[in-house]
Every structure is written in structure tokens, then in C-alpha cells.
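*Asks:* Next come a sequence and a model predicted from it.
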Amino acid sequence: MIENMRKYTGLMIVVFVLLLAGFLFTMGPTANSGGGGGMGSGPTVLEVHGRALDQQSYRRMGESTLELASEAGLHTYVNFLMVPDARQLQQAMQLMRYGYPNYYRTMGRNLTSQDFNRFIANRIIVQKTIEEMGIYASDEEVTETIKTSQRFSPDGKFNEADYATFVDKRLGKLGMTEKDLREIVRENLCLNELIQIIGGGLLAPRNAVSDQLEAQAQTVTLARIVFNRDDYVEKEKPTEEEIKAYWETHQDAYKTEEQRRINYILLTLPAEPEEKKAVPTPPLAADATPEQQVAHAAAETARLEAEAKAKGTQAELRAKAGKKLTKLINTIGDDIYNSEEDKKPLDFDVVLTKHEQKATKSALFTQADMPKEIAELNLRGNVNRGKSLAQAIFEDSFDKDPYDNVSDALPVGEHGWIIFTLEEVVEPELLDYAAARDKARAQLISENGTKKVKEAAKAARDSIVELMKTGKGFDAAAKEKGLVPVQVGPFSMGGVPPKDEPSHRQLHQTASGLNPGEVSEPIDENDRSLFVYVDKREIEDTEESKRRIDFAIENNKGELMTLTFLNWINHQYAGAEVKGLSTEQQ
């Protein structure tokens, strides 16, 4: 048979070429696949600027890229392309300083398809623009960015082994490759340059900055009238009918807490043993001879050296134990990953038994009632700073595929590591009236108290203003209404805060927009409503004030650049003709 095939090799090649050409012609045109976005064979899920994405491309361009960018530490890239407006972008960037990575991570299950649409569409808009503008980042720049990133160089030195593990193990699980990683990093570098081009070089008008700073620096003297919310809450006595009617219209607010059950392995170093100090050298006698002084100094030196050696030995042993622990948890994680790659059923217990470990099996628990051993644990590291283990356990949805319910190896506490499998999720259920009554009553009382304290402050403020129109002063008008104003100040925003006034910043900001002799609108806070009368406003014109203005103008450049870019990309999004099945599934 092989001999017969050899006779017709030429003919077979011709036939094969013709078949391949016919196959290619039937495929139709494809979109540029930069960053993982191209047209597949399935129905179009999203279309941007005429570029169509099927379900697979949509996921790669969206969620897979977001996962990869988040794990690679490209949080600013995620925020700029995903956050819907300037206020939320500012919040997301502030949260980054406290260990919350980016909008995609912090929003979690609250994300809608519109969030993913925006991210994907903005990526396509940016890709189109940087190509038109000729913006490009070289391979050398991409490599340098990866090597100096916080993710792969946490101590300022590139961790080649960590990077290799990330590429070999983690990227495959995300359905991505090293090429995808490098292209996303390149896109991030080009995005940074695009932001500079669009919003760079802008400065705030000096007069506007001056007015703003003067408003903050001025000294104000106020009189305030306060209505305390508790005074109105105490008077609330809702009837049973009112409570039940309130519950009936707010039933969705009264549910049982979500419960979860996990199996987990927690590996950690034991508490560091108490340091054993060498016996102190006896004090030197006042009349010691030179020989005794030399001997005493030698003994003290030997004692200190012994202490230092003991500390060094202990630190070395602890470092070795830490490395051994990290290696063990990583090996367990690799075994789970390899089991998935080999398409074997997940057996967490078998994997752990192989390493002489045993899983702890929890009962069902709520986020507020975690198992005692892990209840107080927080995640460790820059990416996870400020995030509790409870948040990590409750943030993911339950999946039919057991491997999707296995966590990564998570660093917890000072030295520990945990891997858990999500075994069961009990969704919240509505409470009946008997179970929800007390909570509904408390909420009804709270809402009524809040409403009435606001109404009382508004009515008092309006009546005083009307009396002042007749020529009466603020104090006299307040007294006629049975109210006693309390003087606050003089004080400034940056000076010593007035005593017994927790909201002095809010009051100062309110007064800054009023003239002396005017009464503010009511200021509603959590526990009170109040209004203020502006007695005096005084401004000092100093060299220090001028320097502050110069500094503020320079400092506002970054904010102006961000706002300008957001306005630009929102305008581009509006004109990108974003449409498809995904936009209809809101």
C-alpha cells in the first residue's frame, strides 16, 4: 500500500492543495486577532467598529484578558479600560493603595455584561488608535516591563523561576500563552503613551485653583443648629400593621445568609520560639584592674556574638522551613493542575495523602461564622493586601466542574498557605414575617426617624430665614423658634479643628460657598441634620499661599490628563457602534 501511495504522491499533493484552498475560501475574512480577538465560527456576540467577536473571542478579549492582566499586576490598565466614569475610576485607583487590585477584582460578581462590553470595546478602540497613530512598544520594552514588575520582581529582583511557573502552569489554565501576556503588556505600554498624548500638557487655570485653595485656607466663624436623629427614633412606635406592610414591600432585604462548605489544607510555620538570651555578663567592679577590664570586655563581646549567632541560626532554620513549606504547597497545587490536564476526576484527598497531608472538612458556615482555625486569616502579599480569606472563599460562584472549585495556593497570615475546595453552596432564602419582623421593625423605625429629623431641620431653617427677612438677626430668630445656636470657630480647614465638632470639614466646605450673614441649606448626616449661619470669613494672602497654588496646578496635571482621556474614550465608545447579542443581555 505504501508503494502505491508513493506512485501518486504528486497527485495527492495537488488534491490536498485544492481542498485546503476551498476550505480557506469558505471561512471568509477574519478580523485581526491582536490580543486574542478574532472571528470564530460561532454567532457574533459583540461587534465594535465592524469587528465581530464570537463567544470564544469575546471571552479571550474580555474575562481571560482581565484575569491575566490582574494576575500580572496590570491593575491601572484594567481600571482605565473598564471603569465607567471618573468618580469610580478615582475610587478604584484609591483602593489600589489599600491592596484592592482593580475594578474587575473588587466588583466581582456584581459585574454585568455591559462592564465586559466596555472593556472589550475600549481595547479595540485603543488598538485601532495606536495603530493609526503609529504608537508602538518594542520587544525590549515589553521584556523590561515584565522583569521590573511588582508581580515578578517583588523584591526588586526578577524571579525567573516564578515567571516560568506562571507561564507554564497558570497561563494554560486561563487559555492564554506567553505571547498573549507579552501582547497585553505591550498594549498597556501603548495605552500609557496614548493617555499622555491625549491628556498631557494640560494645566488648570490659575484663577480657578486660587479660588479653590483660598476657599480651603480661609478662616470661618459659624453658628450651628443641630437636630439629633436619635431624638426622633425614640419617639417612633410603629403598629403591627405598619411593620407587616413595610415587610411586604421589602421582603428581598430579609434573607438567610449564604452558607458554604469547604475542604482545605492549611500549612503554616509554628509560632517562633521565645528567644533565649545568654547569661548577662556580671557588672564590672568600679576598682577593676586593666586586666579585669580587658577580660570583661572580651566576655561581653563573646556574649553578644553568641546571641547574634543564635539569632542567625534561628532565622536560617526558619527560612529553610518556610521554603520547604512553600515548595510543598506548590507541589500540591501542581499535582491538582496535572490531574486536571490528564483529565482525571478530582480527588483532593488522594493528592494530599500522596504528600502525607490530610484535608480538614468544614461544616456549612456563613462569612461571619468561619471555622475557628481560619476565621481571622487575611491574605498576604501586595496583590491581596487588605483582603480576608473569608472574602476569597465567598467571592467565586459554585461550578459543576470540580476543578473550577479549587482555589490557588493562597498565602495567609504571616507564614501560612491554604488550598481549599468549594464543596457546597447554600444560597440565601427569604425569611418569613415571623423571622424577619424584628429586623423589619428596626429598619422602619430607622427610616422614619431619618425622614422626620430631615423634615424638622428643613422646617426650622426655612422659618428662621423668613424671620431674618423682617430684619431680625439669626440668634434672635432662632430664639423665637425655641432654638439655641452654638458658635463654632473661628477655624480653618488645615488648622486646629473646633472642639466637639466631628464634621468641621463639611461645615467649612459649606461655609466656603456662602457669604457672611447667609444660612446654609440643611446638612443631613447619619446621626443628625443641621444648618449653619456664616458669621465671618477671612482670607490671608501670603507667599505660602502662592506656593500652594503653584504646587496644586502642577499636581492637578495628572487628574486633568485622566479626565481628558476618559472623556475621549467615552466619546469613541459612543461612536464605535457597539452591538451584538451580549449588549442585549443586560
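*Replies:* That came through fine. Given the structure is predicted, the values throughout are model-derived calculations rather than measurements. Residues are numbered from 1 along each chain as shown.

*Asks:* Mind telling me what element Ile419 is part of?
*Replies:* Take DSSP states H and E as the rule and Ile419 turns out to sit in strand 416-426.

*Asks:* what helix or strand does Cys266 sit in?
*Replies:* Careful, residue 266 is Leu and not Cys. Here Leu266 is assigned to strand 259-267, by DSSP H and E.

*Asks:* Could you tell me which residues within that strand count as buried?
*Replies:* Gln259, Arg260, Ile262, Asn263, Tyr264, Ile265, Leu266, Leu267 (16 or more other CB atoms under 10 Å). For glycine as for every other residue, the C-beta is placed from the backbone atoms N, C-alpha and C.

*Asks:* wait, what's in contact with the first one?
*Replies:* Gln259 makes contacts with Leu364, Phe365, Thr366, Val425, Val426, as judged by CB atoms under 8 Å, 6 or more residues apart in numbering.

*Asks:* Would you mind splitting this structure into its domains for me?
*Replies:* 34-199+567-584, 219-254+433-538, 259-273+290-426 (automatic domain parsing).

*Asks:* The contacts of Gln259 into a markdown table, with extra columns for neighbour count, distance to Glu307 and pLDDT?
*Replies:* Output for those, formatted as a markdown table (neighbours: other CB atoms under 10 Å; distance: CB to CB, whole Å; pLDDT from 0 to 100):
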| residue | neighbour count | distance to Glu307 | pLDDT |
| --- | --- | --- | --- |
| Leu364 | 14 | 50 | 95 |
| Phe365 | 19 | 45 | 95 |
| Thr366 | 15 | 48 | 94 |
| Val425 | 15 | 53 | 93 |
| Val426 | 14 | 55 | 93 |
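
*Asks:* Cross-check the contact I'm expecting between Phe116 and Glu63.
*Replies:* Yes: if you go by CB atoms under 8 Å, Phe116 and Glu63 touch, sitting 6.6 Å apart.

*Asks:* what about Ile225, is that helix, strand or coil?
*Replies:* State at Ile225, reduced to three classes by DSSP: H, G, I helix; E, B strand; the rest coil: strand.

*Asks:* in this protein, what spans have low per-residue confidence?
*Replies:* Filtered on pLDDT under 70, the chain yields the residue ranges 1-42, 200-217, 272-278, 382-386, 539-558, 581-586.

*Asks:* Who are the packing partners of the longest helix along it?
*Replies:* Looking across the chain with DSSP state H, the single longest helix is helix 290-341. Counting contacts by 3 or more CB pairs under 8 Å, 6 or more residues apart in numbering; DSSP states H and E, helix 290-341 is packed against helix 171-173, strand 259-267, helix 348-354, strand 416-426.

*Asks:* That one versus strand 416-426: what angle between them?
*Replies:* Per axes from the mean of the first three to the mean of the last three CA atoms, to 10 degrees, the angle that helix 290-341 makes with strand 416-426 is 40 degrees.

*Asks:* got the angle for helix 290-341 vs strand 259-267?
*Replies:* 130 degrees.

*Asks:* I'd guessed Val142 sits against Val185; true?
*Replies:* Yes: between Val142 and Val185 there is a contact under CB under 8 Å: 5.1 Å.

*Asks:* okay, which residue is most central for the chain?
*Replies:* Nearest to the geometric centre of the chain sits Tyr100, at 2.9 Å (CA atoms, centre = their mean).

*Asks:* and the nearest residue to it once chain neighbours are set aside, what does it touch?
*Replies:* Closest residue in space to Tyr100, ignoring its immediate chain neighbours: Thr106 at 4.8 Å, by CB to CB, 6 or more residues apart in numbering. Thr106 makes contact with Ala92, Leu95, Tyr100, according to CB under 8 Å, 6+ apart.

*Asks:* any idea whether the second one is helix, strand or coil?
*Replies:* Going back to what we said before, that points to Leu95. Three-state call for Leu95 (three-state DSSP): helix.

*Asks:* mind checking how far it is from Phe116?
*Replies:* Look at Leu95 and Phe116: by CB to CB, to the nearest Å, they are 20 Å apart.

*Asks:* Also the last one?
*Replies:* Summarising the geometry, the distance separating Tyr100 from Phe116, computed by CB to CB, is 19 Å.

*Asks:* Likewise for the first one?
*Replies:* Taking CB to CB as the measure, Ala92 and Phe116 are separated by 16 Å.

*Asks:* For the two, indicate the residue with more neighbours.
*Replies:* Ala92 (24 against 21; other CB atoms under 10 Å).

*Asks:* Quickly note the distance from the more buried one to Gln292.
*Replies:* Noted for Ala92: a distance of 68 Å to Gln292, by CB to CB.

*Asks:* can you count the residues close to the closest residue to Pro280 other than its chain neighbours?
*Replies:* Using CB to CB, 6+ apart and skipping the chain neighbours, the partner closest in space to Pro280 is Arg303 (7.4 Å). By the measure other CB under 10 Å, the count of residues near Arg303 is 15.

*Asks:* Now for Val406: which residues touch it?
*Replies:* Residues in contact with Val406 (CB under 8 Å, 6+ apart) are Ile336, Leu346, Phe348, Ile419, Phe420, Thr421, Leu422.

*Asks:* can you tell me which of those residues lies nearest to Thr249?
*Replies:* Nearest to Thr249 out of these is Leu422 (CB to CB; 34.8 Å).

*Asks:* Give the full set of residues in contact with the closest residue to the closest one other than its chain neighbours.
*Replies:* For Leu422, ignoring the flanking residues on the chain, the nearest one in space by CB to CB, 6+ apart is Asn405 at 4.0 Å. Residues in contact with Asn405 (CB under 8 Å, 6+ apart) are Asp396, Phe398, Asp399, Thr421, Leu422, Glu423.

*Asks:* And for Val226?
*Replies:* Val486, Arg528, Ser529, Leu530.

*Asks:* from the residues you listed, which would you call buried?
*Replies:* Among the contacts of Val226, the ones that count as buried by 16+ other CB under 10 Å are Arg528, Ser529, Leu530.

*Asks:* picking that back up, how distant is the longest helix of the chain from the center of its chain?
*Replies:* Taking CA atoms, centre = their mean, to the nearest Å, one finds the center of helix 290-341 at 35 Å from the center of the full chain.

*Asks:* go on, stretch 365-380?
*Replies:* How far stretch 365-380 lies from its chain's middle: 20 Å, per CA atoms, centre = their mean.

*Asks:* which outside residues touch that stretch?
*Replies:* For stretch 365-380, contacts defined as CB under 8 Å, 6+ apart pick out 257-261, 264, 266, 360, 362-363, 384-394, 410-414, 416, 418.

*Asks:* Which of those fall within strands?
*Replies:* Gln259, Arg260, Arg261, Tyr264, Leu266, Thr360, Leu410, Pro411, Val412, Gly416, Ile418 (DSSP state E).

*Asks:* Identify the bridge partners of the first one.
*Replies:* Looking back up the chat, that one is Gln259. Note on Gln259: beta-bridge partners by DSSP bridges are Val426.

*Asks:* That one and Asp408, how far apart?
*Replies:* Separation of Gln259 from Asp408 (CB to CB): 23 Å.

*Asks:* coming back round to it: from the contacts of stretch 365-380, list the buried ones, please.
*Replies:* Buried among the contacts of stretch 365-380 by 16+ other CB under 10 Å: 259-260, 264, 266, 362, 384, 387-390, 392-394, 410-413, 416, 418.

*Asks:* how much space between Asp335 and Ala409?
*Replies:* Distance from Asp335 to Ala409, by CB to CB: 11 Å.

*Asks:* ok, the two, which is more surrounded?
*Replies:* Taking neighbours as other CB under 10 Å, Asp335 and Ala409 compare with Ala409 leading, 19 against 15.

*Asks:* and the more buried one, what does it touch?
*Replies:* Applying CB under 8 Å, 6+ apart to Ala409 gives the contacts Ile329, Asn330, Ile332, Gly333, Trp417, Ile418, Ile419.
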